[in-house]
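> my questions are about this predicted structure, shown below with the sequence.
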Amino acid sequence: MEKREGRIIAGRAGGTAGKNAMTYKVSLPSAWVREMGLSGEERQIELSFDGQRIILSPRQTSMGHVPGHRVVRLKYYDGQRLCSTVLADYTEQLVWAENFCADPVKTAFGRNAAPTWEDYEAFLAERCVPRFRAGLREYLEAIGVSEYDPLAIIRKTAGRMAEDDQWLAVEELA
């Protein structure tokens, strides 16, 4: 991991910001930005903060993903209507979602505009038979899945549940 020293640039915020509001910026080395696959045209990033560190990652979009990462695209339908598209980066454990309907009950993450990896795992588990259901081993054998793996189960069942018309199409992106 390469490290460099930097300096935060502080300035007064403008527009409708409060009287003493400030903005903060950091200059990044060009080589690092290019290596992340960013450019003047492609500059969307995702910021994460864990209480001590700020992490910058290329933002996944519906147009593609980070090269070399294992990314799964889920299309979440209600009947024949596409309600959400979800990209899940298994390498970085990042999730991006785009909704195509206004009803939060029909979307993958409801009103949550920035789902976490834990939200993604909970969503997958919701679209599967419960982990502790009686007869689970027989069910998994019947659908051809060797262990309880929500994504593998969804690949076999399309995430269909008896109580709704929602289902998932799964695509592994290269």
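Noted; the coordinates are in hand.

> from now on I want contacts and neighbour counts done on CA atoms only, so please keep to that.
OK.

> now the strands: where do they sit in this protein?
Counting by DSSP state E, the chain has strands at residues 8-12, 22-26, 45-49, 54-58, 71-78, 81-89, 94-99, 166-173.

> which of those sits closest to R133?
strand 166-173 (20.6 Å; Cα to Cα).

> so can I have a markdown table of the strands of the chain showing mean pLDDT, distance to T107 and mean neighbour count?
As requested, the strands of the chain are exported to a markdown table (pLDDT from 0 to 100; distance: least, Cα to Cα, whole Å; neighbours: other Cα atoms under 10 Å):
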| stretch | mean pLDDT | distance to T107 | mean neighbour count |
| --- | --- | --- | --- |
| strand 8-12 | 90 | 39 | 11 |
| strand 22-26 | 89 | 34 | 11 |
| strand 45-49 | 75 | 22 | 11 |
| strand 54-58 | 76 | 24 | 13 |
| strand 71-78 | 94 | 7 | 20 |
| strand 81-89 | 93 | 6 | 20 |
| strand 94-99 | 92 | 6 | 21 |
| strand 166-173 | 93 | 10 | 17 |
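
> make CSV from those and add distance to P115 to it.
Output for the strands of the chain, formatted as CSV (distance: least, Cα to Cα, whole Å):
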stretch, distance to P115
strand 8-12, 29
strand 22-26, 25
strand 45-49, 12
strand 54-58, 15
strand 71-78, 14
strand 81-89, 10
strand 94-99, 6
strand 166-173, 17
